[in-house]
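Trainee: What follows is a predicted protein model with its sequence.
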Amino acid sequence: MDAFKENGVAVCYEVHPVEDIHDGDTFERFLAATGNHKSVNILYDPSHFILQQLDYIQYIDHYHEFIKAFHVKDSEFNPTGKKGTFGGYNNWKDRAGRYRSLGDGQVDFKTIFSKLTEYGCDVWAVLEWECVIKSPEQGAKEGAAFITRHIIEATEKTFDDFAGADVDDEQLKKILGL
């Protein structure tokens, strides 16, 4: 870990169902076990949160300073009276939780991209494609355009600063008679 830190490398651990780090609690335990090492970071993949029924938007609020990579991947969770959870022995197309092509699942990417931008998370948005229905070729073609449409250029100025000029407090006081 120290070698990574010395070389400016942010090691990202993917928060993933059925793995040691699968939610916020397990990430915090791992972080504490490393002595809160500065090289410990998160690869954020909202599709995994859908499959575990975790709040993937609120997760950003809690852990945004650790998010250094972002898998842009979609999924859906459709439980029934017979099946639920991520795993199972059914074929992928018959599972309650399954990966989908970007825009075909339940992930709210507009909110994710907005939140990451609001928090100043300047991270790679990388397509990780898996879908039980669409072909990889169609998924890649649509996925690249999908990500491009969702990337937000953060503003450099206050939204209501229409004039864009510096404020002269003394001049304002003079105008107001103060």
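Mentor: That came in fine, so what should we check first?

Trainee: tell me the centre residue of the protein?
Mentor: Y44 (4.7 Å; CA atoms, centre = their mean).

Trainee: Show the pLDDT at that residue.
Mentor: Here, the pLDDT recorded for Y44 equals 97.

Trainee: buried sites along stretch 31-51?
Mentor: Residues 31, 39-51 are the ones in stretch 31-51 that count as buried (16 or more other CB atoms under 10 Å). Using the backbone N, CA and C atoms, a C-beta is placed for each residue, glycine as well.

Trainee: which among those gets closest to Y89?
Mentor: Distance to Y89, by CB to CB, is smallest for L51 among these, at 15.8 Å.

Trainee: would you say that closest one is within a helix?
Mentor: Yes: assessed with DSSP: H, G, I helix; E, B strand; the rest coil, L51 lies in a helix.

Trainee: re earlier: let's see which of the buried residues of stretch 31-51 end up in strands.
Mentor: If you go by DSSP state E, the buried residues of stretch 31-51 have V40, N41, I42, L43, Y44 in strands.

Trainee: Just send the residues you listed back as JSON lines, with distance to Q58 too.
Mentor: What follows is these, written out as JSON lines (distance: CB to CB, whole Å):
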{"residue": "V40", "distance to Q58": "21"}
{"residue": "N41", "distance to Q58": "19"}
{"residue": "I42", "distance to Q58": "14"}
{"residue": "L43", "distance to Q58": "18"}
{"residue": "Y44", "distance to Q58": "13"}
